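Undergrad: Kindly return the folded structure for what I paste below:
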Amino acid sequence: MSSQPNSYTDSNSHSAGGMTPRPDGLQPDPSQQGASLQDASPRNATHQGAPQGTGPADNGHRRPAEDPARQSLLNVRTEVGKAVVGQDPTVTGMLIALLCGGHVLLEGVPGVAKTLLVRALSTALSLDTKRVQFTPDLMPGDVTGSLVYDSHTSEFTFREGPVFTNIMLADEINRTPPKTQASLLEAMEERQVSVDGVSRPLPSPFIVAATQNPVEYEGTYPLPEAQLDRFLLKLTMPLPGRAEEIEVIRRHASGFDPRNLSAAGVRPVAGAVELSNAQAAVAQVAVAPEILAYIVDVVRATRSAPSFQLGVSPRGATALLNTSKAWAWLSGRSFVTPDDVKALSLPCLRHRVGLRPEAQMDGIQVDDVLGSILASVPVPR
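TA: Next up is the predicted model:
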């Protein structure tokens, strides 16, 4: 890898492979709509480090664009769009997290439909969801469950907490003390809960969708790096544009009730079976050695960036690999390209790095530094 520049703050730089992607750019490439998303054959099977032998006649295997599981998951975005306006990248990020079995940190100001998005997604996927409002007085047992004395049997029985679900919405997770935050660590990493020496497995699939407010920090408990690293993606939910906000108001003026998703027309279009089939298909997505090296180069560049005091760990590199494979599969390809890696770099890495105090005082943003790193790391051809 070439030597790093003195500063990674030029967000307008370009890489050899094109412009640095914008944050959460999880939208299909318009130029690929006809070739990759609808047509089965990849646009160029050997382009940008794609492995050989990924064309339409490969051993008679089903090509990604013909996969019914993939089409079902793409339909989920349409269903969620009936309730949530203008958050397609976040919906795609949630789907990628489900495909990878990872957890998501949703960051956005109040009122941008974080809770509604999770509810609509679980409805479209026929998955169970439970919501926990994290507050300063919340106890670990309120999340994981606890032993309760049964006066009829004179025995203690375990009462499951809200963590026993498919999608757990941890609302304002940074408003509860570290002791309660830590109660989620075992559930997030091991997919089980241990109470009184007994381990109890969680349902499958299981992911945590945690929300936090990026503006108000008074009375909050910031998540430690060890727990932030457990989240596969950090997705930012911006305020809607003018046209999108007009559409939101129009729907409410027409009688839309966010508490009644069935009346809004949101219906199940996929389930656990389709999700399991999709996960198996994602596991088969090919990654060329050049792409693996590119991922490592990007991650290693964060460790030497002057603006960062904490770089990305090897766990972050594996997360970037897995999410890139999921995005490639959703885009209709059986191989990963550098553009897939770029598209997932910001949401996958932004919460795994730490700015130096002097960089924070200068107003430098994490996404700007990551964008400049992507612009400086050589792209495989």
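
Undergrad: what ranges do the strands span in this protein?
TA: In the chain, strands defined by DSSP state E lie at 14-15, 18-19, 103-107, 129-133, 145-150, 155-160, 167-171, 192-195, 198-201, 207-212, 231-236, 308-310, 354-355, listed in chain order.

Undergrad: how about these in JSON lines, adding mean pLDDT, distance to V273 and mean neighbour count?
TA: C-beta coordinates here come from the backbone N, C-alpha and C atoms, glycine included. Shown next, in JSON lines, are those (pLDDT from 0 to 100; distance: least, C-beta to C-beta, whole Å; neighbours: other C-beta atoms under 10 Å):
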{"stretch": "strand 14-15", "mean pLDDT": "35", "distance to V273": "40", "mean neighbour count": "14"}
{"stretch": "strand 18-19", "mean pLDDT": "36", "distance to V273": "37", "mean neighbour count": "13"}
{"stretch": "strand 103-107", "mean pLDDT": "95", "distance to V273": "22", "mean neighbour count": "23"}
{"stretch": "strand 129-133", "mean pLDDT": "93", "distance to V273": "18", "mean neighbour count": "17"}
{"stretch": "strand 145-150", "mean pLDDT": "87", "distance to V273": "28", "mean neighbour count": "13"}
{"stretch": "strand 155-160", "mean pLDDT": "88", "distance to V273": "24", "mean neighbour count": "12"}
{"stretch": "strand 167-171", "mean pLDDT": "94", "distance to V273": "17", "mean neighbour count": "24"}
{"stretch": "strand 192-195", "mean pLDDT": "89", "distance to V273": "23", "mean neighbour count": "17"}
{"stretch": "strand 198-201", "mean pLDDT": "91", "distance to V273": "19", "mean neighbour count": "11"}
{"stretch": "strand 207-212", "mean pLDDT": "94", "distance to V273": "17", "mean neighbour count": "24"}
{"stretch": "strand 231-236", "mean pLDDT": "95", "distance to V273": "22", "mean neighbour count": "25"}
{"stretch": "strand 308-310", "mean pLDDT": "91", "distance to V273": "40", "mean neighbour count": "16"}
{"stretch": "strand 354-355", "mean pLDDT": "91", "distance to V273": "41", "mean neighbour count": "17"}
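
Undergrad: Of those, give the one that comes closest to A375.
TA: Among those, strand 14-15 comes nearest to A375, with 4.6 Å by C-beta to C-beta.

Undergrad: what is the closest residue in space to I173 that isn't next to it in sequence paired to in the beta sheet?
TA: When the adjacent residues along the chain are set aside, I173 lies closest to A210, with 4.1 Å between them (C-beta to C-beta, 6 or more residues apart in numbering). Per DSSP bridges, residues listed as beta-bridge partners of A210: L105, A170.

Undergrad: what's the answer for R200, then?
TA: Going by DSSP bridges, R200 is paired in beta bridges with V193.

Undergrad: any idea how far Q365 is from the closest residue to L239 other than its chain neighbours?
TA: If you skip the residues right next to it in sequence, L239 has V112 as its closest partner in space, 6.3 Å away by C-beta to C-beta, 6+ apart. Separation of V112 from Q365 (C-beta to C-beta, to the nearest Å): 19 Å.

Undergrad: likewise Q284?
TA: Shown here: Q284 relative to Q365, a distance of 37 Å by C-beta to C-beta.

Undergrad: So which of those two has more stuff around it?
TA: Taking other C-beta atoms under 10 Å, Q284 and Q365 do not tie; Q365 has more neighbours (16 against 11).

Undergrad: Just give me the neighbour total for R356.
TA: Neighbours of R356 (other C-beta under 10 Å): 15.

Undergrad: Please apply the same query to D196.
TA: 8.

Undergrad: doesn't L147 make contact with it?
TA: Yes. Contact status for D196 versus L147: in contact at 5.8 Å, counting by C-beta atoms under 8 Å.

Undergrad: which ones are touching P268?
TA: For P268, the residues meeting the contact criterion (C-beta atoms under 8 Å, 6 or more residues apart in numbering) are 123-126.

Undergrad: Please identify which of those residues is nearest to S304.
TA: Top of the list for closeness to S304, among the contacts of P268 and by C-beta to C-beta, is L125 at 40.6 Å.
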